[in-house]
Each structure stands twice: as structure tokens, then as C-alpha cells.
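> Got a sequence here, can you model it:
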Amino acid sequence: MIQIRTATIEDAQHIALLGRITFTETFSEYFRDPQDLFDYYERTFDVSKIRESLQKDNSRYWIAYWNELPVGYAKLKIHSDTESLPTGQASQLQKIYVLKEFLDKKIGKQLMDQLMTYFTESAKSHIWLAVLKSNDRAVQFYYRNGFKVVGEHLFRIGKETFDFYILSLEKEKV
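This next block holds a predicted model:
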């Protein structure tokens, strides 16, 4: 039923569409101006931008299918420090997006497991992410997966300002 694999350039359209749909499902209620949301989609989930990102050595994507239907994806930025974690040895979990209809299928957890296996085998010591403070489901998901708050930051999209936690996980020392 569920298949997760490393995404390829041929998956760019699916990833762009999944990004738009899942972002709408999760965040559209926070936008007063629909044009701000549309402009964000055009910048962030443009097929050519996703295609370019898929080809970068610093990006790694996984895509999840449910009975051959693309239902979610994850993205890791392999080399990515942040002010909250200036180690020089950090990766960034940039996205785990799953269609709302499939959240109860534990696809997010399986995407996280794939991404974390890749991270664990890397030379990086820390992985971090930003999550909207008011997105309780996501915050709890990351807490259950061992992440801890290491900072906060504001992010602006159009007329809206969003308050994020910066969460991090240090690789266990072997």
C-alpha cells in the first residue's frame, strides 16, 4: 500500500502539487489575502524550482505513494546551519508534507524514518527544522521523534507574520 522512495527529477510536478495542496490544507486559514498565498506558491512550489532543487547535491527528497497515488514528500537540506545551531555540522529537515486525508496512515512517520536513516549515516551531527508554533500536531510529532526547541524566529509571507520554533536533534554518539 505505502511505497516511499528517493524522489527523482520526474517527480517535480507531483512534489510541487503536493506542496501547494498540503500547504493550503495546513496554513490557508492564516492568510487574509489570497494573493499572498498564491504568490508564495509561485515562489516556493514552482515546478522548475522543484526540478532544480532535485538536481542539487545539497538536497535530498523522498516521495510517498499510497496505491500508486503520490500523497506526501520529505526534503532534507544536507548542509544547513542556523543561528540557533551554529555547529557547522547541521542538516535541515525542510519539509515533511502529507495530504490531510492520509495523515492517519503514519506516512509522515515513515518519511521521517527514511530521512533520519539518511541523516544518521551522514557525517552531520545535528538536524534542525522550523515549525509553526500553533501547528500542535506537527510540534507534537517532532517532540515524539526526539526534537527539542533550540530557538524561535519570525517568518513573513506577504502581509502575514508567522511565529516558528526552531527544533533540533543531535545525533547519538556511537
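
> quick check: longest helix of the chain.
Counting residues, the longest helix in the chain under DSSP state H turns out to be helix 12-27.

> packing partners for that helix?
Applying 3 or more C-beta pairs under 8 Å, 6 or more residues apart in numbering; DSSP states H and E, one finds that helix 12-27 makes contact with helix 34-44, helix 47-54, strand 59-66, strand 69-77, strand 90-98. In this view, the C-beta of every residue, glycine as well, is placed from N, C-alpha and C.

> Quick one: residues in contact with that helix.
With C-beta atoms under 8 Å, 6 or more residues apart in numbering as the test, helix 12-27 has contacts from 7, 37, 40-41, 44-51, 54, 61, 63, 70-73, 95, 97-100, 132, 135.

> Please name the residues that touch Lys171.
By C-beta under 8 Å, 6+ apart, the contact list for Lys171 reads 119-120, 124-127.

> Farthest-apart pair in the residues you listed, please.
Greatest spatial distance among the contacts of Lys171 (C-beta to C-beta): Thr120 and His126, at 11.9 Å.

> higher neighbour count, those two?
Legend: neighbour count by other C-beta atoms under 10 Å for Thr120 and His126, higher for His126 (20 against 12).

> Quick check: mean pLDDT of stretch 62-77?
Mean pLDDT, stretch 62-77: 97.

> Report pLDDT for the residue most central in space within the chain.
The chain has Lys95 as the residue nearest its centroid, 0.5 Å off, counting by C-alpha atoms, centre = their mean. For Lys95, the pLDDT comes out at 95.

> got it, and Leu85?
Predicted confidence (pLDDT) for Leu85: 66.

> Low-confidence stretches in this structure?
Applying pLDDT under 70 to the chain flags residues 85-87, 173-174.
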